[in-house]
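Enquirer: Build me a structure from this.
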Amino acid sequence: MSAFRCPYNLIIAGVGGQGNVLISQLIARAFIRKGYRAVVGETYGVSQRGGSVMSHVRIVEEGAVGPIIPPGLGDLVLGLEPMETLRILKAYGNPDIHVITNTRPISPVDVIAGNLSYPDLDAIFEAITTLSGKAWTLNASDMAMEMGSSLFTNMIMVGAMLGTGIVPLTMEDFVVILQTYAKPEGFDANRSALQKGFDIIKATE
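Expert: A predicted model of the protein is given here:
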(Lines give C-alpha, C1' and ligand atoms only; values in the text may rest on other atoms or scores of the structure.)
Protein backbone atom coordinates (compact mmCIF):
# COMPACT_ATOMS: atom_id res chain seq x y z
CA MET A 1 0.00 0.00 0.00
CA SER A 2 1.22 3.49 -0.85
CA ALA A 3 1.99 5.93 1.95
CA PHE A 4 -1.23 7.53 3.15
CA ARG A 5 -0.84 10.97 4.68
CA CYS A 6 -3.54 13.17 6.10
CA PRO A 7 -5.22 15.37 5.24
CA TYR A 8 -6.04 13.19 2.24
CA ASN A 9 -8.04 14.84 -0.53
CA LEU A 10 -10.20 12.70 -2.82
CA ILE A 11 -12.30 14.17 -5.62
CA ILE A 12 -15.01 12.18 -7.39
CA ALA A 13 -15.70 13.71 -10.81
CA GLY A 14 -18.67 12.95 -13.04
CA VAL A 15 -21.99 14.15 -14.32
CA GLY A 16 -25.42 14.13 -12.74
CA GLY A 17 -27.03 10.71 -12.66
CA GLN A 18 -23.80 8.70 -12.34
CA GLY A 19 -24.09 8.28 -8.59
CA ASN A 20 -20.89 10.01 -7.51
CA VAL A 21 -22.67 11.83 -4.68
CA LEU A 22 -23.72 8.46 -3.28
CA ILE A 23 -20.29 6.90 -3.43
CA SER A 24 -18.67 9.94 -1.85
CA GLN A 25 -20.95 9.44 1.15
CA LEU A 26 -20.20 5.70 1.32
CA ILE A 27 -16.43 6.22 1.02
CA ALA A 28 -16.55 8.82 3.80
CA ARG A 29 -18.50 6.42 6.02
CA ALA A 30 -15.97 3.66 5.37
CA PHE A 31 -13.13 5.95 6.46
CA ILE A 32 -15.04 6.98 9.58
CA ARG A 33 -15.61 3.35 10.50
CA LYS A 34 -11.86 2.83 10.04
CA GLY A 35 -11.16 5.48 12.69
CA TYR A 36 -10.58 8.55 10.53
CA ARG A 37 -12.59 11.74 10.32
CA ALA A 38 -14.18 12.62 7.00
CA VAL A 39 -16.01 15.59 5.55
CA VAL A 40 -17.83 15.68 2.21
CA GLY A 41 -18.50 18.69 -0.01
CA GLU A 42 -20.52 18.71 -3.24
CA THR A 43 -20.62 21.09 -6.17
CA TYR A 44 -23.08 20.90 -9.07
CA GLY A 45 -23.14 22.17 -12.62
CA VAL A 46 -26.01 23.76 -14.51
CA SER A 47 -28.30 20.76 -14.11
CA GLN A 48 -28.22 17.91 -11.68
CA ARG A 49 -28.71 15.22 -14.34
CA GLY A 50 -26.19 15.63 -17.14
CA GLY A 51 -24.38 18.59 -15.59
CA SER A 52 -20.99 18.49 -13.90
CA VAL A 53 -20.96 17.06 -10.39
CA MET A 54 -17.88 17.12 -8.21
CA SER A 55 -17.70 15.53 -4.77
CA HIS A 56 -14.87 16.33 -2.35
CA VAL A 57 -13.99 13.82 0.36
CA ARG A 58 -11.40 15.08 2.85
CA ILE A 59 -9.87 12.64 5.34
CA VAL A 60 -8.04 13.58 8.54
CA GLU A 61 -6.85 11.64 11.57
CA GLU A 62 -7.82 14.40 13.98
CA GLY A 63 -8.91 18.01 13.95
CA ALA A 64 -11.07 19.46 11.20
CA VAL A 65 -10.83 20.72 7.63
CA GLY A 66 -13.21 22.59 5.37
CA PRO A 67 -15.34 20.57 2.94
CA ILE A 68 -13.79 22.00 -0.25
CA ILE A 69 -10.27 21.03 -1.35
CA PRO A 70 -7.99 23.95 -2.21
CA PRO A 71 -6.83 24.14 -5.85
CA GLY A 72 -3.75 22.05 -6.59
CA LEU A 73 -4.02 19.92 -3.46
CA GLY A 74 -5.84 16.82 -4.68
CA ASP A 75 -4.43 13.40 -3.82
CA LEU A 76 -6.78 11.24 -5.88
CA VAL A 77 -9.32 11.85 -8.63
CA LEU A 78 -11.87 9.09 -9.09
CA GLY A 79 -13.35 10.00 -12.45
CA LEU A 80 -16.63 8.57 -13.70
CA GLU A 81 -16.39 10.50 -17.00
CA PRO A 82 -13.11 11.25 -18.83
CA MET A 83 -13.59 14.91 -19.78
CA GLU A 84 -14.77 15.70 -16.24
CA THR A 85 -11.75 13.83 -14.89
CA LEU A 86 -9.38 16.01 -16.91
CA ARG A 87 -11.23 19.18 -15.98
CA ILE A 88 -10.88 18.42 -12.27
CA LEU A 89 -7.28 17.28 -12.68
CA LYS A 90 -6.32 20.61 -14.23
CA ALA A 91 -7.79 22.49 -11.27
CA TYR A 92 -6.77 20.26 -8.36
CA GLY A 93 -3.85 18.25 -9.72
CA ASN A 94 -0.17 18.25 -8.87
CA PRO A 95 2.78 16.03 -9.90
CA ASP A 96 1.98 13.41 -7.24
CA ILE A 97 -1.77 13.05 -7.74
CA HIS A 98 -3.29 9.66 -8.60
CA VAL A 99 -6.13 9.30 -11.10
CA ILE A 100 -8.54 6.44 -11.77
CA THR A 101 -10.86 7.17 -14.65
CA ASN A 102 -13.70 5.52 -16.50
CA THR A 103 -13.08 5.64 -20.26
CA ARG A 104 -16.69 5.95 -21.47
CA PRO A 105 -17.59 9.54 -22.38
CA ILE A 106 -20.97 11.12 -21.69
CA SER A 107 -21.63 13.95 -24.11
CA PRO A 108 -22.91 17.20 -22.56
CA VAL A 109 -26.02 18.89 -23.91
CA ASP A 110 -24.08 21.22 -26.25
CA VAL A 111 -22.35 18.24 -27.86
CA ILE A 112 -25.62 16.37 -28.29
CA ALA A 113 -27.17 19.48 -29.85
CA GLY A 114 -24.28 19.76 -32.30
CA ASN A 115 -23.02 23.09 -30.98
CA LEU A 116 -19.73 21.64 -29.75
CA SER A 117 -17.71 18.50 -30.35
CA TYR A 118 -16.41 16.15 -27.66
CA PRO A 119 -12.60 16.36 -27.36
CA ASP A 120 -10.48 13.53 -28.78
CA LEU A 121 -10.40 10.72 -26.21
CA ASP A 122 -6.79 9.74 -26.89
CA ALA A 123 -5.77 13.35 -26.27
CA ILE A 124 -7.74 13.36 -23.01
CA PHE A 125 -6.07 10.20 -21.73
CA GLU A 126 -2.63 11.45 -22.79
CA ALA A 127 -3.22 14.67 -20.86
CA ILE A 128 -4.44 12.76 -17.80
CA THR A 129 -1.30 10.60 -17.84
CA THR A 130 0.95 13.64 -18.28
CA LEU A 131 -0.66 15.63 -15.48
CA SER A 132 -0.74 12.84 -12.87
CA GLY A 133 1.79 10.87 -10.89
CA LYS A 134 0.03 7.64 -11.86
CA ALA A 135 -3.17 6.97 -13.75
CA TRP A 136 -5.39 3.93 -14.21
CA THR A 137 -8.08 3.67 -16.90
CA LEU A 138 -10.90 1.16 -17.21
CA ASN A 139 -14.15 0.95 -19.14
CA ALA A 140 -16.34 0.63 -16.08
CA SER A 141 -19.43 1.56 -18.09
CA ASP A 142 -19.09 -1.41 -20.44
CA MET A 143 -18.42 -3.73 -17.53
CA ALA A 144 -21.52 -2.39 -15.79
CA MET A 145 -23.66 -2.98 -18.88
CA GLU A 146 -22.36 -6.55 -19.04
CA MET A 147 -23.77 -6.92 -15.53
CA GLY A 148 -27.13 -5.63 -16.74
CA SER A 149 -27.15 -1.94 -15.79
CA SER A 150 -25.04 1.19 -16.12
CA LEU A 151 -25.90 1.89 -12.48
CA PHE A 152 -23.11 -0.50 -11.44
CA THR A 153 -20.47 1.83 -12.92
CA ASN A 154 -19.89 3.71 -9.69
CA MET A 155 -19.38 0.53 -7.64
CA ILE A 156 -16.94 -0.83 -10.22
CA MET A 157 -14.98 2.40 -9.89
CA VAL A 158 -14.91 2.15 -6.10
CA GLY A 159 -13.68 -1.43 -6.42
CA ALA A 160 -10.92 -0.19 -8.73
CA MET A 161 -9.91 2.39 -6.13
CA LEU A 162 -9.71 -0.30 -3.48
CA GLY A 163 -7.69 -2.50 -5.83
CA THR A 164 -4.94 0.09 -6.28
CA GLY A 165 -4.05 -0.04 -2.58
CA ILE A 166 -3.56 3.72 -2.43
CA VAL A 167 -6.17 4.20 0.31
CA PRO A 168 -6.23 2.28 3.60
CA LEU A 169 -9.59 0.64 2.92
CA THR A 170 -10.12 -3.03 2.11
CA MET A 171 -12.96 -4.64 0.23
CA GLU A 172 -14.31 -5.83 3.57
CA ASP A 173 -14.27 -2.28 4.96
CA PHE A 174 -16.42 -1.03 2.11
CA VAL A 175 -18.72 -4.06 1.98
CA VAL A 176 -19.72 -3.45 5.61
CA ILE A 177 -20.83 0.06 4.65
CA LEU A 178 -22.50 -1.16 1.46
CA GLN A 179 -24.64 -3.53 3.52
CA THR A 180 -26.14 -0.57 5.35
CA TYR A 181 -27.11 1.11 2.05
CA ALA A 182 -28.03 -1.57 -0.49
CA LYS A 183 -31.40 -3.26 -0.43
CA PRO A 184 -31.04 -6.99 0.29
CA GLU A 185 -32.08 -7.90 -3.25
CA GLY A 186 -29.43 -5.59 -4.73
CA PHE A 187 -26.55 -6.24 -2.37
CA ASP A 188 -25.05 -9.25 -4.16
CA ALA A 189 -24.96 -7.46 -7.52
CA ASN A 190 -23.32 -4.37 -6.02
CA ARG A 191 -20.84 -6.58 -4.20
CA SER A 192 -20.03 -8.27 -7.51
CA ALA A 193 -19.51 -4.87 -9.16
CA LEU A 194 -17.04 -3.91 -6.45
CA GLN A 195 -15.16 -7.17 -6.96
CA LYS A 196 -15.09 -6.70 -10.73
CA GLY A 197 -13.42 -3.29 -10.41
CA PHE A 198 -11.01 -4.60 -7.78
CA ASP A 199 -9.97 -7.56 -9.93
CA ILE A 200 -9.45 -5.56 -13.13
CA ILE A 201 -7.04 -3.19 -11.39
CA LYS A 202 -5.21 -6.01 -9.62
CA ALA A 203 -4.71 -7.71 -12.99
CA THR A 204 -2.91 -4.61 -14.32
CA GLU A 205 -0.57 -4.18 -11.35
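Enquirer: Enumerate every residue touching Leu86.
Expert: Counting by Cβ atoms under 8 Å, 6 or more residues apart in numbering, Leu86 touches 124, 127-128, 131. For the C-beta atoms, the positions are set from N, CA and C on the backbone; glycine is no exception.
Enquirer: Check the offset of the host helix or strand of it from the chain's centre.
Expert: Using DSSP states H and E, Leu86 maps to helix 82-92. When distances are taken as Cα atoms, centre = their mean, to the nearest Å, helix 82-92 is centred 12 Å away from the chain's centroid.
Enquirer: Name the residues of that helix that come out as buried.
Expert: Across helix 82-92, burial judged by 16 or more other Cβ atoms under 10 Å covers 82-89, 92.
Enquirer: Check the chain for its longest helix and report it.
Expert: For the chain, the longest helix by residue count, based on DSSP state H, is helix 184-204.
Enquirer: Can you pull out the residues in contact with that one?
Expert: By Cβ under 8 Å, 6+ apart, helix 184-204 touches 100, 136, 138, 140, 143-144, 147-148, 152, 155-164, 171, 174-175, 178-179, 182.
Enquirer: Mark which of these are part of strands, please.
Expert: In this view, the contacts of helix 184-204 that belong to strands under DSSP state E are 100, 136, 138.
Enquirer: could you say what helices and strands the host helix or strand of Ala30 packs with?
Expert: Assigned by DSSP H and E, Ala30 falls within helix 20-33. When contacts are defined as 3 or more Cβ pairs under 8 Å, 6 or more residues apart in numbering; DSSP states H and E, helix 20-33 packs onto strand 8-15, strand 37-44, strand 52-60, helix 153-164, helix 171-181.
Enquirer: just the ones you listed: most buried one?
Expert: helix 153-164 (a mean of 26; mean count of other Cβ atoms under 10 Å).
Enquirer: can you list contacts of that one?
Expert: Contact with helix 153-164 is made by 18-20, 22-23, 26-27, 76, 78, 80, 98, 100, 102, 104, 136, 138, 140-141, 143-144, 167, 169-171, 174, 178, 190, 193-202, 205, as judged by Cβ under 8 Å, 6+ apart.
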